[in-house]
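Participant: When you get a sec, could you give me coordinates for this:
(chains A and B)
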Amino acid sequence: MTSGPSLQTELPPESVKESDEVVPPSRRSGGSTRRNSSMSYVVLGMSIGVFLIAVSFAASRANNAHANIMYWIGEFAFFAVPTTYLLTQRPSKRQSTLLAFATPLLSYAITESYSPIQFRFLDEFQHVQTAQAILQTHHLFTSNTSLPVSPYFPGLEIATTALAQLSHLSIYASGTIVVGIIHLLTAVGLYLLVMEIYNRPRIAALSVIIYATEPHYQFFDAYFTYETMAMPFLIACLVAYVKMMKAPAWRTQAMWLGLALYCGAVTAVSHHITSYVLLAFLVVLTIGEGARRSWPRRGLWWSGALSVAVFGLIAAWDLGVAHGVLRYLEPAAHAVSGTSSVATQQLGGGNLKDRTGLAVSAPERDVLAEYASTALLLGLVSLGIWFGWRNRRIRTHRLRIMFMLLSASVFGVVLVRLGASDGSELAGRSYSFAMIPGSVACAFALQWLFVPRAIGAIARSDWWRRLVRLGCGVALVLILAIGGIAGGWPEYYARLPGPFLASAWERSVDSRNLLAAEWAADNIPKGSGVASNWVTGGLMGSLGHLSNDQGTALLFLTTEFTPQLGTIVAQRRVRYIVVDSRTLTMTPQSGAFFDNDPFAGSYKGGLRLKQLLNKFNVDPGISKIYSDGTISIYDLYGSEYKP
Amino acid sequence: VIGRRLTRTLVVIGVLIAAAVLTSVGARTVDAIVGVALLFIVPGWLITSWSGYFGAALDLAERVFWVLVVSAGGVVLSGLLLNVVGSLTRRNWIICEVAVILVLLAIDWLIVLRNPGSTAKNGTATAGAGDGSGVSRRRSARRVHLPVISPVNIVLLAVSLVLVVSALWLSEASSADHQHEPVLQLSMIPVPIARGSFASLGDIGVGNQTGTPVTVEVRLFRGSPAVIVGRWSVHLREDQQWSKIVSRSPDEPLVATVAYASNSAIPIAWVSLGTPARS
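Facilitator: Numbering: from 1, shown residues only, chains lettered A, B, ... in the order given. This is a model prediction of the structure:
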């Protein structure tokens, strides 16, 4: 990437004439400080948004009824302030760079405000187990009872445990630092990628803001999970790729090829899907490079070499080290291909499925917001591609047009959302990748729609027209943000932190089930079979180091022992039962208490019948080995269930 | 070149001091700062200073990005290497990171000695090292490196920082209050645990996670109908545990209860060792 004054060396002369980021020298000197200060105002506005969100979280923890309003005001400020600035001002490179750094840092502050003292998302605890194993054994690739594939993609855990060992910090503290760095790199990497390809600070900064509206950016992509670690390396590989393709000297090209391979290698060992997406991006870009009509095709060899090398790295890792990854990904592949046994999701009925495949009803306004933002996203991407195709400076530049065309992957994500059996989950995850190019197309569309072409046009137009124009632009970004929050993570019932709720993901992780899981890890042999509701079972599987098998719901849904229960216990190798008495009275927010729950969606006020859980207390052969008055752990060995 | 050599010499000294600090001081905050620098900054900083090989001077944003990317990637790959050649212990991490940095410094020295004209004092590229432009980027890169610092900027960014820190503090305070639900854990583990209800020993345990010191009464009942055979008054500090091993016959159930001493009539929780169905 080049700096502002050297722009003419990067772009053909006509683009300099058109580029709205190039400020005439006469204006540059006088307005520099003022414009730089205005970006500080933007950061201040976004910080106010973060503060309001933190206040809403605190209010929600105290059961304040107005917390939700405060939360949305904060989110609006977080997105509307920078969008307003970018649609009305000409940011210099310095200003847009500041925004590219501020956005992920402030976004991460929101994530941390949600849960500042512990991990809270169930998937995070799966990776905590891998990190714990590394700290205990000092070796990689140990077994993981909750997510068997996790130890074979140990990028995040290696970095976290390295810091934990050097600093004596806890896994949580080390992980928070590592993920914070990673979250920063993802957004800054996107900014640098866009700058490298298009050299337009406004577009680059807008891309970062739009990418931040993507459903998983604010929370899921900032969780302690392996995908989080791999994302910035995917983007860094693409940045290095662009640098390599632009470099004139072979030595420089070789250097960037090396760096791209380096990043590709880290991606391959950090997360499977991310490495496949990286390969797909590189293959498409290579095909675009090969589509050049005339020789020499020097770039094709470099691009092809990188693609082949990254393919080799991924294949070597997945086939040589991470043996089980293909089997692990099989269900997801079936879901995409529509051959999953889970019923196809009904998108139009407002029914969503979370990752357990359970039917839950989201509020209509959330469903509406998600649909509106999806439709808007498709519209903006289409417009962006169309505008890009019409622009000679983009159309005739292979990298620019190929990257623009890559944004069409958003359509593929929407197809997955509509067609796959677990569409909501898969699409949500896929947006993180598709929005890398997708955010750029949206940014171009927004600029072309809402930014006057020349300063003179701004001066000549009426103030109310300017206001309406600006309002529309900001409103569109806010719709994207609202839709992203509605369709993203955490689910609507856990959007704000607060007291315990049953089967509500982040809201279901509290000190009781955490302590029970830790007790289990200390006292029960690792890998012992356990059955429980899906949240507590998940914690027992990850933090408790037990083997939590699915398909044990019936154990909790009969009032007395039957031979069928004995069969389930034998087949699923269940030794311990963990009962949370709150399931008797609390409605499951996700619609179900158990994995593959036959009564999913039909619970009103919990399990209700005390006998369902009390049968474990009255069976004389069962030992109740742990209790805190709410959560109890039963040992079945010696009972009718497990004689 | 002299300035660059001086900088590198200072880095060598700094890294050695850092290694000494990590192995001797033991202060968590200091270790954390040194650890972050060793793992996530210094290696990338050294590599990205080879600007002649990167084609052009990296501006500040790019430099920060590549410093972190290269360093974090290096940690991951070093971890894989350590796993093959040894183990991921603290000592090995320190040795590995120091070795990596010293090797990079050696390479850096070689680069400077072989081609002193390719880099400038501040690490920015000179003519011919650009990405095709063939023009010097030193001046422009310098301009971009330095943010405009004005009193207004400082005040605004300081207020922003205060807001974010306040947000985090508020969240931590409210989360700590909310999260700290008083939990009193009672357990009775069969000894050995694999024996389940066949076990002839039971390990009764009480854990205090209430956030305050508590005095509890533990009662032990044996047989059916239950007869009280033991009673212990236990004072526990926060996060403290108490345990007691009791013997039993597998054909008689064992039940333990725990209650606050101030209200011992109402047990908070109970646990048991059952009698095997096929005993």
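Participant: Name the residues of the stretch 501-643 of chain A found near chain B, please.
Facilitator: Residues of the stretch 501-643 of chain A lying near chain B by C-beta under 8 Å from any C-beta of the partner chain: A:510-512, A:515-516, A:519, A:523-525, A:619-629, A:632, A:635-640, A:642-643. Where C-beta positions appear, they are placed from N, C-alpha and C, glycine not excepted.
Participant: I'd like to know how far the residue of chain A found nearest chain B sits from A:I625.
Facilitator: Nearest residue of chain A to chain B: A:Y637, at 2.8 Å (C-beta to the nearest C-beta). According to C-beta to C-beta, to the nearest Å, A:Y637 and A:I625 sit 10 Å apart.
Participant: Which stretches in the stretch 1-150 of chain B count as helices?
Facilitator: Using DSSP state H, counting those that start in this stretch, the helices of the stretch 1-150 of chain B run over B:2-24, B:28-40, B:42-48, B:51-54, B:60-85, B:90-114, B:138-145.
Participant: What helices and strands are in contact with the third one?
Facilitator: If I follow you right, that is helix B:42-48. With contacts defined as 3 or more C-beta pairs under 8 Å, 6 or more residues apart in numbering or on different chains; DSSP states H and E, the packing partners of helix B:42-48 are helix B:2-24, helix B:60-85, helix B:90-114.
Participant: pLDDT of it, averaged?
Facilitator: The average pLDDT within helix B:42-48 is 89.
Participant: ok, what's across the strand from the residue of chain A closest to chain B?
Facilitator: Counting by DSSP bridges, A:Y637 is bridged to A:K642.
Participant: Would you map the helices across the stretch 1-150 of chain A?
Facilitator: A:13-18, A:25-61, A:67-88, A:93-114, A:122-137.
Participant: Now B:G211, what are its backbone angles?
Facilitator: Dihedral angles phi and psi of B:G211 (degrees, to the nearest 10) take the values phi 90, psi -10.
Participant: so what's it scoring on pLDDT?
Facilitator: Note for B:G211: predicted pLDDT of 88.
Participant: Surely it is in contact with B:D239?
Facilitator: No - the criterion here is C-beta atoms under 8 Å, and B:G211 misses it with B:D239 at 9.1 Å.
Participant: Of these two, which one has the most company?
Facilitator: B:G211 (14 against 10; other C-beta atoms under 10 Å in any protein chain shown).
Participant: nearest spatial neighbour of that one, skipping sequence neighbours?
Facilitator: B:H180 (5.0 Å; C-beta to C-beta, 6 or more residues apart in numbering or on different chains).
Participant: Could you give me the buried positions within the helix or strand encompassing A:L399?
Facilitator: For A:L399, the host element (DSSP states H and E) is helix A:398-406. Within helix A:398-406, the residues that count as buried by 16 or more other C-beta atoms under 10 Å in any protein chain shown are A:398-406.
Participant: got the contact list for that helix?
Facilitator: With contacts defined as C-beta atoms under 8 Å, 6 or more residues apart in numbering or on different chains, helix A:398-406 is touched by A:197-198, A:242, A:245-246, A:281, A:284-285, A:288-289, A:291-292, A:384-385, A:388-389, A:393-395, A:436-437, A:440-441, A:444.
Participant: What subset of those residues is buried?
Facilitator: Buried subset of those (neighbour count, 16+ other C-beta under 10 Å): A:197-198, A:242, A:245-246, A:281, A:284-285, A:288-289, A:384-385, A:388, A:393-394, A:436-437, A:440-441, A:444.
Participant: touching chain A at all, stretch B:245-254?
Facilitator: Yes - Stretch B:245-254 lies within reach of chain A by C-beta under 8 Å from any C-beta, at B:P253.
Participant: Next, the buried residues of that stretch.
Facilitator: Those would be B:246, B:248, B:250, B:253-254, for stretch B:245-254 by 16+ other C-beta under 10 Å.
Participant: roughly how far apart are the nearest residue to A:T225 once chain neighbours are set aside and A:R365?
Facilitator: Leaving aside its chain neighbours, A:T225 sits nearest to A:D123 (5.1 Å; criterion: C-beta to C-beta, 6+ apart). Going from A:D123 to A:R365 by C-beta to C-beta gives 27 Å.
Participant: more neighbours, the two?
Facilitator: A count of neighbours by other C-beta under 10 Å puts A:D123 above the other of A:D123 and A:R365, at 21 against 11.
Participant: And the pLDDT for that one?
Facilitator: 92.
Participant: Quick check: which ranges of the stretch 51-200 of chain B have low pLDDT?
Facilitator: B:51, B:55-56, B:115-148 (pLDDT under 70).
Participant: Can you name the residue of it nearest chain A?
Facilitator: Nearest residue of the stretch 51-200 of chain B to chain A, counting by C-beta to the nearest C-beta: B:G196, 2.8 Å away.
Participant: That residue: neighbour count?
Facilitator: B:G196 has 24 nearby residues by other C-beta under 10 Å.
Participant: Which of the buried residues of stretch B:245-254 sits closest to chain A?
Facilitator: B:P253 (6.7 Å).
Participant: Can you name the residues that contact the closest one?
Facilitator: A:620, B:222-224, B:226, B:272-275.
Participant: thought the residue nearest to B:G211 was touching B:E238?
Facilitator: No - applying C-beta under 8 Å, one finds B:H180 not in contact with B:E238, separated by 10.2 Å.
Participant: and for those two, which residues touch both?
Facilitator: Common neighbours of B:H180 and B:E238 (C-beta under 8 Å, 6+ apart) are B:G211.
Participant: Those two - which one has more neighbours?
Facilitator: Using other C-beta under 10 Å as the criterion, B:H180 and B:E238 rank with B:H180 on top: 14 against 11.
Participant: do you know how far that one is from B:W232?
Facilitator: Counting by C-beta to C-beta - B:H180 and B:W232 are separated by 26 Å.
Participant: repeat for A:Y85
Facilitator: A:Y85 is 67 Å from B:W232, by C-beta to C-beta.
Participant: quick one: low-confidence parts of the stretch 301-450 of chain A?
Facilitator: A:336-361, A:420-423.
Participant: 90 - rerun?
Facilitator: A:301, A:323-367, A:370, A:388, A:391-399, A:413-430, A:450 (pLDDT under 90).
Participant: Please apply the same query to the stretch 51-200 of chain A.
Facilitator: Looking along the stretch 51-200 of chain A with the criterion set at pLDDT under 90, you get A:65, A:89-94, A:120, A:167-168.
Participant: Give me the contacts around stretch A:623-630.
Facilitator: A:512, A:515-516, A:519-520, A:523, A:580-582, A:616-617, A:632-635, A:637-638, B:183-190, B:196-197, B:268-274.
Participant: Out of these, which end up buried?
Facilitator: Of the contacts of stretch A:623-630, these count as buried by 16+ other C-beta under 10 Å: A:512, A:515-516, A:519-520, A:523, A:580-582, A:616, A:632-635, A:637-638, B:183-190, B:196-197, B:268-274.
Participant: Strands - which of those residues land there?
Facilitator: Using DSSP state E to define strands, the subset of the buried ones among the contacts of stretch A:623-630 located there is A:580, A:632-635, B:183-190, B:269-273.
Participant: quick one on the thing from earlier: how about the very next helix or strand once past the helix holding A:L399: buried residues?
Facilitator: Downstream of helix A:398-406, the first helix or strand assigned by DSSP H and E is helix A:409-419. Buried positions in helix A:409-419, judged by neighbour count with 16+ other C-beta under 10 Å: A:409-410, A:413-414, A:416-417, A:419.
Participant: Let me know the closest of those residues to A:T374.
Facilitator: Set against A:T374, the nearest of the buried residues of helix A:409-419 by C-beta to C-beta is A:V414 (6.1 Å).
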